[in-house]
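Undergrad: after the sequence you'll find the predicted model.
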Amino acid sequence: MRLDKFLKVSRIIKRRTLSKEMSEASRVKVNGKVAKPSTKLKIGDIIEIEFGRSILVVKVNELRDHVLKDDSHMLYDIIEEKKKEEVTIL
């Protein structure tokens, strides 16, 4: 399954166009590498998503084309939620 579609189906990101834009802006990594929207995901992949000042790290548990809203959280496990370290320039 494509990365942009997984992010939308799992409801990590609400719209597929937004997930595509975030991937194109290098704000999404899969297994530590910057990922394109068309990156093919496998079960067990680690996705790191940069949301403004926070980073969400999830592990892919299941790949499905359609899932009900209440079951969408079963597609992934949240591994870590962390604040993005701010860089100060002197």
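TA: Sure, I can see it. Numbers count the residues shown, from 1 in each chain.

Undergrad: how close does Lys5 get to Asp65?
TA: 8 Å (CB to CB, to the nearest Å). C-beta coordinates here come from the backbone N, C-alpha and C atoms, glycine included.

Undergrad: could you do Val28 as well?
TA: In terms of CB to CB, Val28 sits 20 Å off from Asp65.

Undergrad: who's more crowded, these two?
TA: Taking other CB atoms under 10 Å, Val28 and Asp65 do not tie; Val28 has more neighbours (24 against 8).

Undergrad: does that one really touch Phe51, like I thought?
TA: No - between Val28 and Phe51 there is no contact under CB atoms under 8 Å: 10.2 Å.

Undergrad: longest helix of this protein?
TA: helix 16-24 (DSSP state H).

Undergrad: give me the element Lys8 is part of.
TA: Secondary structure assignment for Lys8, by DSSP states H and E: helix 3-9.

Undergrad: which neighbouring elements make contact with that helix?
TA: The contact analysis (3 or more CB pairs under 8 Å, 6 or more residues apart in numbering; DSSP states H and E) places helix 3-9 against helix 16-24, strand 28-30, strand 46-51.
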